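Peer 1: starting from these lines, generate the structure:
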Amino acid sequence: MKRNVDMKEISDGNLYELNDMVKADCNDCKGCSACCQGMGESIVLDPLDIYRLIDGLQMTFEQLLADAIELQVQEGVILPNLKMGKEKDTCFFLNEEGRCKIHSFRPGICRLFPLGRYYENGSFKYFLQIHECKNPNKTKVKVKKWIDTPDLQKNQQFVADWHYFIDDVQSKIARIADDELVKKIDLFILQQFYMEKYDTNVDFYEQFQIRLIKAKKVIETLTKG
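Peer 2: Numbering: from 1, shown residues only. Here you go, the predicted model:
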């Protein structure tokens, strides 16, 4: 999700890489679940997030749509996001004790927090969001430890590939006046990356790359001319 903001206003002014130390450790967030409340549509889910949820909960994409996630338009592209409860405005996966019920397979944005990603030149680095986390006693931790993600190098490539793919699609859609064509592209992306089940016995990243290559060709054909 893009944010047009002044980095000086929201960060400590530094950009971090995987082996850097950053003051982000919230000490297990004991007694606090502020970042799981009132987030609106901001927790946008990428294909890996949905893959993890489907595998971890043993549910289908359609079953997740019934309660846990919803679809919203993000700059012309329909993408899923975590759903907040109507009554308490808290994440669907937050339990009565204020703890995450899916912590071991939580989405990438949740793993990062209070870090964010700064995208530039086909890659990205991390930055510390200084106003988001309410915990006043954060301690330093290595970025890659904080992210807590297996196959981190593959994950980094996936994150960049997905971001720049969606960014490119959004740019293309912004120039299209045909609503039916936009709808066709949106439905194709949902089907290709979210609804079509991944094989849990095969490396996710390999499957994603195959789908990405196909998607780029299809969208290039659809938007040509």
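
Peer 1: can you give the contact residues for stretch 172-179?
Peer 2: Stretch 172-179 is contacted from outside by 75-77, 182, 185, 219, 223, using C-beta atoms under 8 Å, 6 or more residues apart in numbering. C-beta: built from backbone N, CA, C; applies to glycine.

Peer 1: mind checking the end-to-end distance for that stretch?
Peer 2: Start-to-end span of stretch 172-179 (C-alpha to C-alpha, to the nearest Å) is 13 Å.

Peer 1: the contacts of stretch 172-179 in helices, which ones?
Peer 2: Counting by DSSP state H, these place 182, 185, 219, 223 in helices.

Peer 1: tell me who's in contact with the third one.
Peer 2: So the one you mean is I219. Neighbour list for I219: 169, 172, 185, 188 [criterion: C-beta under 8 Å, 6+ apart].

Peer 1: okay, the second one: pLDDT?
Peer 2: By that I understand K172. K172 carries a pLDDT value of 95.

Peer 1: now do the third one
Peer 2: Among the per-residue scores, I185 shows a pLDDT of 97.

Peer 1: backbone dihedrals for L152, please?
Peer 2: phi -60, psi -40 (degrees, to the nearest 10).

Peer 1: hang on, the earlier thing: and the contacts of stretch 172-179, which are buried?
Peer 2: By neighbour count, with 16 or more other C-beta atoms under 10 Å, the contacts of stretch 172-179 hold 76-77, 182, 185, 219, 223 as buried.

Peer 1: ok, back up a step: got the ones in helices among the contacts of stretch 172-179 as TSV, with distance to G31 columns?
Peer 2: Shown next, in TSV, are the ones in helices among the contacts of stretch 172-179 (distance: C-beta to C-beta, whole Å):
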residue	distance to G31
V182	45
I185	45
I219	46
T223	50
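
Peer 1: which residue is nearest the middle of the protein?
Peer 2: When C-alpha atoms, centre = their mean is applied to the chain, the residue found nearest the centroid is L45 (4.1 Å).
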